[in-house]
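Visitor: Got a predicted structure here, sequence first:
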Amino acid sequence: MFGRRVSALIFSISLMICYFVPIRAYASRAKDINIVTSFYPVYIMAKNVARDVPGVSVRNLTPALTGCLHDYTVTSDDMKKLAGAQLFVVNGAGMESFLDKIIAQHPDLRIIQLSEGISLIKGKGNSGDNPHVWVSVSNAIIQVKNLGKAMEEFDPLRKELYAKNTADYAAKLEGLRRKMHSELAAYKGRPMVTFHEAFPYFAREFDLNIVAVVEREPASEPSARELADTVEIIRRNDIAALFSEPQYSASAARAIAEETGAKIYVLDPAVTGPDDYDAYINIMENNLVVLKKAFAQ
């Protein structure tokens, strides 16, 4: 009896070895792949999908403190990074306004756009679609799956590794999504004032109502008339909290707070942060804590 159990155990281990060793062996024979990502949230997604995959490296194009890519201009150093890359992974939806320039200079570079399949929200005025899709956890899951599928197609010798990483990270994001939906359900329809147009997808997902935006044009201080309009909206809706972002000056938000008595809270659109696999998840969990505190007052 004992001998049969030992034999069965050895057989099971042999099957596991036969399954995993070929994957690593094929991967080791595949060509090295250098992935460059456009900015921070895309970088964190790519890090997770390519996690521990032999011969695959991930670098971010823009500096860690860049934040959103509104009006970003590519530099000569950026072009040097792309010269050694096989893949350029971007958010899409109009976030990377410099994409045409990169395509012109690197026509053979494969570009993966992660916003495919996401229902886009129109921006204000003539600004096109709002590109801040990743701020919605459900959209982030779509983006991660888009990237995983693209990597499997581009690099079939390592597809099992990409598939596992994608499934693992998507499962973590799904757990985050369920938690946030459960804990924010009590605040459906709650009016809120955000700093700039980063949170419409977040608000749509959790059924929150953005009634005003402090900075209507990216990286530009609101006019006196715009500040007055925002103050009036806050008073009319009896809003006790307004949200700034860690990447931008809170001077306009402070002026509004002084005028209305509203308290300032910080919501993070996850465009800067640490070089950690779980950085996006940690940022969103902190946003959940902030929202619950703000809405409970």
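Guide: Perfect, thanks for sending it. Please read all numbers here as calculations on a predicted model, not as lab measurements. Residues are numbered from 1 along each chain as shown.
Visitor: I figured residue 177 hits residue 136, correct?
Guide: No: counting by C-beta atoms under 8 Å, residue 177 sits too far from residue 136 to count as a contact (9.1 Å). Heads up, the C-betas are built off the backbone N, CA and C, glycines and all.
Visitor: In terms of neighbours, single out the busier of the two.
Guide: residue 136 (23 against 19; other C-beta atoms under 10 Å).
Visitor: quick one, helices of the stretch 151-297 of the chain?
Guide: 159-184, 200-206, 224-236, 251-260, 279-296 (DSSP state H, counting those that start in this stretch).
Visitor: so which of those comes closest to residue 35?
Guide: helix 159-184 (11.3 Å; C-beta to C-beta).
Visitor: Mind giving me the packing neighbours of that closest one?
Guide: helix 2-29, helix 40-49, helix 137-154, helix 200-206, helix 279-296 (3 or more C-beta pairs under 8 Å, 6 or more residues apart in numbering; DSSP states H and E).
Visitor: any idea how this protein splits into domains?
Guide: Domain ranges of the chain: 30-180, 182-296, per automatic domain parsing.
Visitor: Reformat the ones you listed as a markdown table; add mean pLDDT.
Guide: Converted to a markdown table, the domains of the chain look like this (pLDDT from 0 to 100):
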| stretch | mean pLDDT |
| --- | --- |
| domain 30-180 | 96 |
| domain 182-296 | 95 |
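Visitor: pLDDT score assigned to residue 26?
Guide: Listed pLDDT for residue 26 reads 49.
Visitor: cool, and residue 4?
Guide: pLDDT, read off for residue 4, is 53.
Visitor: The one 5 residues further on too?
Guide: Predicted confidence (pLDDT) for residue 9: 45.
Visitor: quick one, what contacts residue 248?
Guide: Counting by C-beta atoms under 8 Å, 6 or more residues apart in numbering, residue 248 touches 67, 195-196, 215, 219.
Visitor: Repeat that for residue 82.
Guide: Contacts here follow C-beta under 8 Å, 6+ apart; on that basis residue 82 touches 36, 61, 88, 102, 105-106, 109.
Visitor: switch the cut-off to 6 Å
Guide: Neighbour list for residue 82: 36, 106 [criterion: C-beta atoms under 6 Å, 6 or more residues apart in numbering].
Visitor: and it, what helix or strand is that in?
Guide: Assigned by DSSP states H and E, residue 82 belongs to helix 76-83.
Visitor: still on that earlier bit, among the helices of the stretch 151-297 of the chain, which is nearest residue 57?
Guide: Residue 57 lies closest to helix 159-184 among the helices of the stretch 151-297 of the chain, at 14.1 Å (C-beta to C-beta).
Visitor: List the buried residues of that closest one.
Guide: 159-162, 164-166, 169-170, 172-173, 176-177, 180, 184 (16 or more other C-beta atoms under 10 Å).
Visitor: now the angle between helix 279-296 and it, please.
Guide: Following axes from the mean of the first three to the mean of the last three C-alpha atoms, to 10 degrees, one obtains 10 degrees for the angle between helix 159-184 and helix 279-296.
Visitor: Just checking the distance from helix 159-184 to the centre of its chain.
Guide: Chain-centre distance of helix 159-184: 13 Å, with C-alpha atoms, centre = their mean, to the nearest Å.
Visitor: Equivalent analysis for stretch 156-167, please.
Guide: Worked out by C-alpha atoms, centre = their mean, stretch 156-167 lies 20 Å from the chain centre.
Visitor: Repeat that for stretch 106-116.
Guide: Taking mean C-alpha positions (C-alpha atoms, centre = their mean), stretch 106-116 and its chain are 17 Å apart.
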